[in-house]
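*Asks:* A structural model of the following input is requested.
(2 chains)
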Number of protein chains: 2
Amino acid sequence: MMDTILNLGLNDKSVEALAKRSNNPRFAADSYRRLIQMFGNVVLEIPKSAFDEVFDAKKKQKKTKLDTDLDAKALKEVIEDYKKVVKNHTRRDFPQDPHEQLVMARDAVFRSWQNERAKHYRRINNIDDMLGTAVNVQAMVYGNLGDTSGTGVGFTRNPATGAKEFYGEFLMNAQGEDVVSGVRTPVPILELQKIMPDVYNQLREITTRLEKHYRDMQDFEFTIQDGKLYMLQTRNGKRTGRAAVRVAIQMVEEKLITPQEAIFRVEPNQLYDFLVPRLDEKSTKVEVLATGLPASPGAAVGQIVFTAEEAVKKAGHGAHKNPVILVRAETTPEDIQGMEVAAGILTSRGGMTSHAAVVTRGMGKCCVAGAGDIQVDERAGEMRAKGQVFKEGDWISLDGTSGRVIKGKLNTLEASSDDAELQKLLSWAEPFRKIGVRANADIPRDAIQAKAFGAEGIGLCRTEHMFFAPDRIPHMRAMILADNEKDRRAALKKLLPMQRADFIGLLKAMDGLPVTIRLLDPPLHEFLPKREKLMVDIASLTSANAKQKKTLVEEYRDYGAKGAGDLKKLLPQLLARVEELHEFNPMLGHRGCRLGITYPEITEMQARAIFEAAVAVEKQGIKTHAEVMIPLIATVKEMSNQGAIVRRVAEEVFKEKGKHVHYLVGTMIELPRACLVADEIAKEAEFFSFGTNDLTQTTFGFSRDDVNKVLPTYLAEGILKQDPFAAIDRDGVGELVRIGIERGRKTRPKLEVGICGEHGGEPSSVEFCHQVGMDYVSCSPFRVLTARLAGAQAGASDKLKVEGERTK
Amino acid sequence: MMDTILNLGLNDKSVEALAKRSNNPRFAADSYRRLIQMFGNVVLEIPKSAFDEVFDAKKKQKKTKLDTDLDAKALKEVIEDYKKVVKNHTRRDFPQDPHEQLVMARDAVFRSWQNERAKHYRRINNIDDMLGTAVNVQAMVYGNLGDTSGTGVGFTRNPATGAKEFYGEFLMNAQGEDVVSGVRTPVPILELQKIMPDVYNQLREITTRLEKHYRDMQDFEFTIQDGKLYMLQTRNGKRTGRAAVRVAIQMVEEKLITPQEAIFRVEPNQLYDFLVPRLDEKSTKVEVLATGLPASPGAAVGQIVFTAEEAVKKAGHGAHKNPVILVRAETTPEDIQGMEVAAGILTSRGGMTSHAAVVTRGMGKCCVAGAGDIQVDERAGEMRAKGQVFKEGDWISLDGTSGRVIKGKLNTLEASSDDAELQKLLSWAEPFRKIGVRANADIPRDAIQAKAFGAEGIGLCRTEHMFFAPDRIPHMRAMILADNEKDRRAALKKLLPMQRADFIGLLKAMDGLPVTIRLLDPPLHEFLPKREKLMVDIASLTSANAKQKKTLVEEYRDYGAKGAGDLKKLLPQLLARVEELHEFNPMLGHRGCRLGITYPEITEMQARAIFEAAVAVEKQGIKTHAEVMIPLIATVKEMSNQGAIVRRVAEEVFKEKGKHVHYLVGTMIELPRACLVADEIAKEAEFFSFGTNDLTQTTFGFSRDDVNKVLPTYLAEGILKQDPFAAIDRDGVGELVRIGIERGRKTRPKLEVGICGEHGGEPSSVEFCHQVGMDYVSCSPFRVLTARLAGAQAGASDKLKVEGERTK
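*Replies:* Predicted structure coming up:
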């Protein structure tokens, strides 16, 4: 949980005592000032800006630039103004009784458990709402009692690279808040050795002991008061994926942990770090605008936004369709939602342990922090760098590994898993893995990539993706617009050699590994212009000028528009067909196997393409293992209908070509009904692949495309603990999966069962799939490493449990 | 199954022998002609029209009007032409060998089991595809060997009224086909007594014996050859609902059956006959166009269509949104799909046993048959009556009880269940019924109606139906368009007294019986203009003329448009909000409890309206029992969130008004997930009501609004046996219902469980609900009688099974 440190106890009277004790009236006044501000901010919930305004006004009045230029007298004036701020906002005076301050602060902490920010944090970190929070009350030590005092934070190893080096930052004559807020740029911790060698050695000795005790890298905080070291806190340190792997391996080598423990020291999601893209600096002229701290590795390219709200609005939920870079002077916990959706974060202030740096590393997201050469004016919506002004929407590129901020939109280069330490960790992990890992890939390039990452087959090839290619979509459209079987077959005939070529590529790439090919799934209207666009174009045609008409002709050229004259007839014709195909709920409509049942010639063509490809590949001496997958099955009769077509076409092709190949016919289980009658379906299906995206939609009655109207409220209110499209909902969707597997295997004990929804690459879902006895998970190529480690952890957990039982 | 009688065995040679034997060359030639035609039509699948053309051409050539005016010579010429038709269509000669004719005919019958018409018939009658068909080969008897021969069909009781009277029709010198085809209008069977008293008495004696033997009303066919009676067939006769009830009661009185058997002699759906509407003849000037036979009771008002295809096209699937009257000279089995969707059927030819009459009675659909005063020209798309011409789309009204055909669109009057025989049957049935029957009703009028039919409560009051009323929708829209909670609350405040008044009416009407009130369910965009309409209106605005603009201003007056100038700003604003609310899959979108969770003030207002109403009614000394139903629950936390609001508001209202009332808070179980976690949900919900419409949608992944793109193919291919939205799918949806009840009652053994989907009034679904232990079904008021009888039959079946076990 986020922690807040409040220094309490000062009041109008004790501030004078502190002034005397520290012989530093300025420090005393500043401490009191900070207390009022923090207390006001955190406990009384007065916006930080209310205090900032007062402070900035005083600096302006005194014509100073730095905070530290304000003297004790000026700070006392600030204190009086702060007290007025408190009075204005709360209608009562700032509490003078230290005990009252403590009680109020304590209550505020407990209250904070329920605030939106905390809820959001818990949600994205999967922390149970029922856990509760705690208040620690400690005696106060001051890191800012003068030049023999100081404060710092650090890690026992480098949290970015995992290197075994003492790592951290400190500031003399400062409190912790100064270090992490990014307001003052802290000093590397090695400098402490020069300033206070004894304290430095003691700190190294203590933190080394702590690391040994906890058997993990520590993230610690300390304060020095009048030359004496106080440890404030220690905890297992957050780290990047590369650091996690390296630390784990080193600790095995240091005999701190066993290899079996080591594989749990890396979050499966963190392996993504090895696959984070790098900037392709050859792709365009590289103009470095600034160099900040390499706070979180990887690369990010996106459009500038200056607020978390804008980030959310522009990026949308889920995948980075509109990548944005959140640019801030510094980030605060209020920015979390924006940071979550941003492709990368850039701050002008703050160090390697600043909020932005820590949070982005946790998220595995690229961040450049403390880039002091850029000026960020959030209110004006401007960023200035090298004399240039950048506005919201301008493109920049970040290199989180070098800390560079680059103008414009660079391409990114894909990474590889070819890393010795990673491979070592995987070599420890893999023997525990029982569940197979396949990849979702539609084209040979992705298949080759996935195989390189260790995929043991293709679990989902979406054939419709092939139909959207520009050379194919005209035939697809001709097929859809045909009003009789003959014309449909003619159009399909043109698609056949293209599909066959695709399948040859995939089967060759996988070289005998299973390749699961799903037959056409999406509703046909997805291939045609949108209904409302056609309606508007028809309505606009009357008043369109020559230029507008020309644009329209261009847009509809594919459909046979040659001149403006054609549009008047063509558009209503197109609209009529689109209206015919229009559905109120396309997700529940004419798609999946329903297409193949109403248009068997589509299934025939696709089956022919698959088997002709398999035979051609095997004739080249390469093995194939095609698994033909019928989507959206709800009843066994759908399965037998489509299965019969596939098997018939297979026999036809084998006879024509004089060669048999091995193949399976199975189905995607993605409807509740299919799970319930899985015993029936398994009579006809040789494998099941759970499509948990659609299964989640129907089980919850949530449209994935629309769920964001509801999901934020649901997560905020604690109605859902997590997005069921991200991690599998074990109680509902998972229960159906269990039922489906149990009933399916009742009929066919050796039924091959996998998952090909996006859950297949999410660690907790992989664990679930392992637990319910699936044969494999299939996920996007870039999730293959994650799935492999998650599968191994699940297997190792089983083993540990069994061993635990034995020793009882 | 439909049966076809083929008279075989005649050929070029034996026709001469028959001519001699019957001393009637004309009859022999006509028999042979008919054989070729029927054989060609049924066995060789040559269209009937091909023969009709030949025959009509001959009549024209001979300048005759009636078929019987053609002499033997002319008929022989027709035979030669018919043979050419056969040769043309089949490239072979009409088979002369009687044995070959028999073999071909036999094979054609077996083949016919698989034809589309047969499949369709089996589907609508729930006949298993695996049952198969049979061929009976009988020696030929002739009803057309002259004036001492004849043929007829009849019922042992009146199939329309149930009266105990010998009922039927016959024709002398005719074959069965002449009676049922409607080509010749047959003679009432009582006439036979005068013509051939011995035969008549023998027929009465035989059929009375048959009725006693089968202990049910018989539908028989007979032929008289040269004065000798032959029984061709007997079977239990189809009858109207009123007839079924009357026959059942009479047979109990006659001690043929027991009262317990009697309740199975009426199909629950047939009770609808007691509720069929009558024409309101005061509503408009009644102009009777013709009077035909009262072939099937009830009233029907609709637009004329002349073909089955048009009927399907115009009426659409399901409820009669666009009522059509199918007008034909005579109907044939090819018309079944059209008859199914039509509101009523009118034929100009045929008797009480014609195809149209029999089929419509089976369907419980109004039919006027054999209205000889109208001329139907299907090809021209015209009906002529009383010198007027009626075209497709013109409105007519049918009175199926009197046989009158009335010009224009009359209103219809609702029927009542206040019938002594019906009440007697119900009094036998009701003691067996374990399952309660409630009704779905949104307004007091429907509630009162439902109670009169015997409903034991309201199982579903859809509050949104109240919001669509013209005086309310502006406030609803204001609520939706509000961009802050304050404005939303202001709009809701205006809706509160209206909702309260609705609930007062309902609670009073039900007088202490349970009233289940569902909170707001549909997505909010349903209350706003359609997105594509707004887009088109905006696009059209540029080129709109003054008149078009005026129309637009009218349309948007509700939203504040006063003049054309307002539209330019208003429409994009409206579109922006509609876009915000737009969903790709509204069925899976922001609706149900999701509305109440994101806008708790809606739930608060509705709860307040319910409890203020309940308190007000109880203060008048009338008991209330409100059950507040939260829709679309997927997780227990949704339930606790909304339940807490309802219970808090209840306490507030009770405190304000100084009076407590009894109420329950529960949920509609309509998502697969809710069934799976029903044990959790039952912790918070005091009752479950299964919403099997939505549950069917999500379990199958079928959008009810879109399923007709798929369903016809699915039914035709046998993938589905019946529309799962009509009768509950026991294997899938039913399995979830079972799981939901079992798990819910594990937590709360006395959990009240019902169903409020449209399945609640469908007999086989009611049986299912009984079997899985539901407390009640809820259905539309006009289904209440059906549900009561279906529930009683289910209870009686249980009792019979138990008794069967005991006697083993």
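*Asks:* Ramachandran coordinates for the nearest residue to A:Gln375 once chain neighbours are set aside?
*Replies:* What sits nearest to A:Gln375 in space, not counting adjacent residues and going by Cβ to Cβ, 6 or more residues apart in numbering or on different chains, is A:Arg384, at 4.4 Å. Bear in mind the C-beta positions are built from the backbone N, C-alpha and C, glycine included. Backbone torsions of A:Arg384, given as degrees, to the nearest 10, read phi -110, psi 140.
*Asks:* With A:Asp418 instead?
*Replies:* Phi and psi for A:Asp418, reported as degrees, to the nearest 10, are phi -80, psi 70.
*Asks:* any idea of the pLDDT on it?
*Replies:* With respect to pLDDT, A:Asp418 has a value of 78.
*Asks:* so what's the residue nearest to it when sequence neighbours are not counted scoring on pLDDT?
*Replies:* Once flanking residues are discounted, A:Asp418 sits nearest to A:Ala452: 8.0 Å by Cβ to Cβ, 6+ apart. pLDDT for A:Ala452: 92.
*Asks:* Then A:Ala319?
*Replies:* Predicted confidence (pLDDT) for A:Ala319: 47.
*Asks:* same check, this time on A:Asp107
*Replies:* Note for A:Asp107: predicted pLDDT of 91.
*Asks:* swap in the one 5 residues further on?
*Replies:* According to the prediction, A:Ser112 has pLDDT 82.
*Asks:* Next: A:Glu165.
*Replies:* We have a pLDDT of 92 for A:Glu165.
*Asks:* secondary structure class for it?
*Replies:* Following DSSP: H, G, I helix; E, B strand; the rest coil, the label given to A:Glu165 is coil.
*Asks:* and what of the one 5 residues further on?
*Replies:* Judged by three-state DSSP, the three-state class of A:Phe170 is strand.
*Asks:* so which helix or strand takes in the residue nearest to it when sequence neighbours are not counted?
*Replies:* The shortest distance from A:Phe170 to any non-neighbouring residue, by Cβ to Cβ, 6+ apart, is to A:Gly152 (2.7 Å). Per DSSP states H and E, A:Gly152 falls inside strand A:150-155.
*Asks:* Give me the helix or strand of chain A that scores worst on average pLDDT.
*Replies:* Least confident helix or strand, chain A: helix A:176-181 with a mean of 67, by mean pLDDT, DSSP states H and E.
*Asks:* if we can go back for a sec, tell me how many other residues crowd the residue nearest to A:Phe170.
*Replies:* A:Gly152: 27 surrounding residues under other Cβ atoms under 10 Å in any protein chain shown.
*Asks:* okay but it is in contact with A:Leu171, surely?
*Replies:* Yes: counting by Cβ atoms under 8 Å, A:Leu171 is a contact partner of A:Gly152 at 7.0 Å.
*Asks:* if we can go back for a sec, who touches the residue nearest to A:Gln375 in this structure?
*Replies:* Applying Cβ atoms under 8 Å, 6 or more residues apart in numbering or on different chains, we find A:Arg384 in contact with A:374-375, A:377, A:390.
*Asks:* Tell me the one of the residues you listed nearest B:Val109?
*Replies:* B:Val109 lies nearest to A:Phe390 out of the contacts of A:Arg384, by Cβ to Cβ, at 83.3 Å.
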